[in-house]
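starting from these lines, generate the structure:
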Amino acid sequence: DNASGTSYETLIQNLLTDFYPETPESTPVITLSPEAMELHRQFYEEMESLQGTELKNYPSLKEWTGKLSGNVLRIAGILTRAQEDFLYPSITDPFDENPFREDDREVFIRCSSGLAVDSLTMANAVEIGRCFLYHARKAFSLMGADQLTIDSRYVRDVILDKGLREFSSREILRECRRFKTKAEILPALQHLEDYGYLSPKEASYSGIGRPQAEAWTVNPVLFELPVLNDSLPATGSISPDKQEVTNP
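Residues are numbered from 1 along each chain as shown. Okay, here's the model as predicted:
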């Protein structure tokens with residue numbers, strides 16, 4: 001209704017026009033209850049775990065996720081401010097064209113000390129953070145994948161489509177028409193090696209740098225994995241030696 005809409009708009013205006021004292025020691029501090037601190041610690045450790053596992057080969061998303069726990073803290077603070085008793089100003093006329101009173105704003109601003117984030121508020125902030133992470137995964141999948149990942153997915157899909165169990169550099173170039181030379185396709189092949197999708201056949205090696213294979217064997221487990229367009233690999237890395245899926 002109009003009254004609720006006006007109250008919500010007033011809340012947002014008050015939050016946006018909030019100010020902070022010039023001296024840091026005068027700045028009000030929002031603390032965490034022990035329960036809220038524990039919930040945030042668990043979320044932080046979960047995000048840290050993602051850094052070294054699921055996201056380790058996605059630099060852009062990894063960097064974004066590294067800031068998420070801090071942003072969840074800020075969200076929790078905003079939610080705590082939004083729950084204060086003096087949240088809504090006294091509005092005698094809900095249809096008033098200018099309901100935002102300067103004195104009401106100043107009451108909102110002054111009453112900012114002694115606030116603490118409780119466990120329910122932190123749980124809500126964490127849920128918002130998870131929602132952001134879900135959408136970030138989708139967004140980075142659509143627009144943030146680096147060229148190496150895109151090329152590797154393309155080669156992987158060609159291998160699956162053609163049912164290749166092994167191939168030479170000449171054969172894979174013939175199937176992957178996106179690439180014109182071995183030098184162009186080699187980074188993608190080596191990337192697939194790193195994930196355990198491919199195993200290079202023995203080749204002569206000069207002892208300088210990484211040996212360049214002339215032929216590869218495809219790990220048979222690759223054909224058993226579900227193929228997801230927004231991830232590489234599909235459900236983790238593959239161990240070429242054990243020929244089984246190994247989640248990172």
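
what's the local residue count around A183?
Look at A183: counted by other C-beta atoms under 10 Å, it has 9 neighbours. For glycine as for every other residue, the C-beta is placed from the backbone atoms N, C-alpha and C.

next one: it relative to S199, how far apart?
21 Å (C-beta to C-beta, to the nearest Å).

thought W216 was touching P200?
Yes. Taking contacts as C-beta atoms under 8 Å, W216 lies within contact range of P200: 5.5 Å.

same drill for these two, tell me which one is more crowded.
It is W216, of W216 and P200, that has more neighbours when counted by other C-beta under 10 Å, with 23 against 17.

before we move on, back to that, quickly list what's touching both of W216 and P200.
Common contacts of W216 and P200 (C-beta atoms under 8 Å, 6 or more residues apart in numbering): E193.

helices of the protein, start to end?
Here the chain has its helices, by DSSP state H, at 2-16, 34-52, 59-66, 68-81, 102-110, 119-143, 147-162, 169-175, 182-194.

of these, which is nearest T23?
Closest to T23 of the helices of the chain is helix 102-110 (C-beta to C-beta; 15.8 Å).

mind checking the pLDDT average for the closest one?
Model confidence over helix 102-110 averages 48 on the pLDDT scale.

any regions of the protein where pLDDT drops low?
The model of the chain has pLDDT under 70 over residues 1, 18-22, 24, 26, 56-60, 84-114, 141-146, 203-213, 225-248.

and V72, how many neighbours?
So V72, with other C-beta under 10 Å, has 24 neighbours.

quick one: contacts for it?
Counting by C-beta under 8 Å, 6+ apart, V72 touches H40, F43, A125, V126, I128, G129.

pick out the most distant pair among those residues.
Within the contacts of V72, H40 and I128 form the most distant pair, 12.8 Å apart (C-beta to C-beta).

more neighbours, those two?
With neighbours defined as other C-beta under 10 Å, H40 and I128 compare such that H40 has more, 22 against 16.

how close does that one get to G70?
Between H40 and G70 the computed distance is 10 Å (C-beta to C-beta).

could the helices of the chain go into TSV alongside distance to F223?
Shown next, in TSV, are these (distance: least, C-beta to C-beta, whole Å):
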stretch	distance to F223
helix 2-16	53
helix 34-52	28
helix 59-66	27
helix 68-81	35
helix 102-110	62
helix 119-143	23
helix 147-162	7
helix 169-175	16
helix 182-194	14
